[in-house]
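Asks: Let me see the structure of the following:
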Amino acid sequence: MDKKKIFQKIETGYFSLQEADDKLKADKEVVLAAVKHDAWSLNYANDKLKADKKIVLAAVKKDGLFLEHVMKKFKGDKEVVLAAVKQDGGTLKFADKKLKNDKKIVLVAVKNITGVAGSDWALKYASKKLRGNKEIVLAAVKHTKKITTNRNKDSWRKIYTLMLRILTKQELFLNQMITLKITSTKV
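Replies: Numbers count the residues shown, from 1 in each chain. Next up is the predicted model:
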């Protein structure tokens, strides 16, 4: 089959790298196109391409959670981890320890959580030092408030309680509450 037809099948979702022959699993263009369509296709590429940074970047940009399955060297690669946390902040969980202590990466992570757990999920995986960083905690609180504004009061109260646990031991808690104008009467 010629490459043009393969690329058409990839675009329409009728191509599986898993079922492809070894020649296609080793073809960088085919694997890159497959990964851009479905990050998990990288699992079926040959080992040389699993170690290709350009392809790994495409995979984590498509699905940040794929960071869990990349080679260890990429979990410590700032560009790869940053791409993953931009896609899903919770993927900070799979980053190398040194990157969990990188302020830029953690800030991006706490701002890119969309689930009910909120930014406290990304904070959970940040280094202890950064969990106490005023700028990061404030960003997490603001982001969590933003994504929960449309939820009912009970959901907001649960998330507020989680954030309170993170902040209670830090003296910046009161300053942040005043800054955000969050009071127990609004909760």
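Asks: make it CA atoms for all contacts and neighbour counts henceforth
Replies: Will do.
Asks: what are the ranges of the helices in the chain?
Replies: Assigned by DSSP state H, the chain shows helices spanning 3-12, 22-25, 28-37, 47-50, 53-62, 72-75, 78-87, 103-110, 120-125, 128-131, 134-148, 153-167, 172-180.
Asks: Ok, which of the ones you listed comes nearest Lys93?
Replies: Lys93 lies closest to helix 120-125 among the helices of the chain, at 5.3 Å (C-alpha to C-alpha).
Asks: Now do the closest one: which elements does it pack against?
Replies: Judged by 3 or more C-alpha pairs under 8 Å, 6 or more residues apart in numbering; DSSP states H and E, the packing partners of helix 120-125 are helix 103-110, helix 134-148, helix 153-167.
Asks: follow-up on the earlier one: looking at the helices of the chain, which is nearest to Ala95?
Replies: helix 72-75 (4.8 Å).
Asks: If you count contacts, what does the closest one end up packed against?
Replies: By 3+ C-alpha pairs under 8 Å, 6+ apart, helix 72-75 packs against helix 78-87.
Asks: Tell me which residues of the helix it packs on come out buried.
Replies: If you call a residue buried by 16 or more other C-alpha atoms under 10 Å, then helix 78-87 has these buried ones: Lys78, Val80, Val81, Leu82, Ala83, Ala84, Val85, Lys86, Gln87.
Asks: Surely Leu107 is in contact with Asn133?
Replies: No: using C-alpha atoms under 8 Å, Leu107 is not in contact with Asn133; the gap is 10.1 Å.
Asks: ok, the two, which is more surrounded?
Replies: Between Leu107 and Asn133, counting by other C-alpha atoms under 10 Å, Leu107 is the more crowded of the two (24 against 13).
Asks: Would you enumerate the residues in contact with that one?
Replies: Ile136, Ala139 (C-alpha atoms under 8 Å, 6 or more residues apart in numbering).
Asks: Pull up the gap between it and Asp63, please.
Replies: Distance, Leu107 to Asp63, by C-alpha to C-alpha, to the nearest Å: 19 Å.
Asks: What of Val35?
Replies: As judged by C-alpha to C-alpha, Val35 and Asp63 stand 10 Å apart.
Asks: the more surrounded of those two?
Replies: Taking other C-alpha under 10 Å, Val35 and Asp63 do not tie; Val35 has more neighbours (26 against 22).
Asks: can you pull the contacts of that one?
Replies: Contacts for Val35 (C-alpha under 8 Å, 6+ apart) come out as Ser41, Leu42, Ile55, Ala58, Ala59, Lys62.
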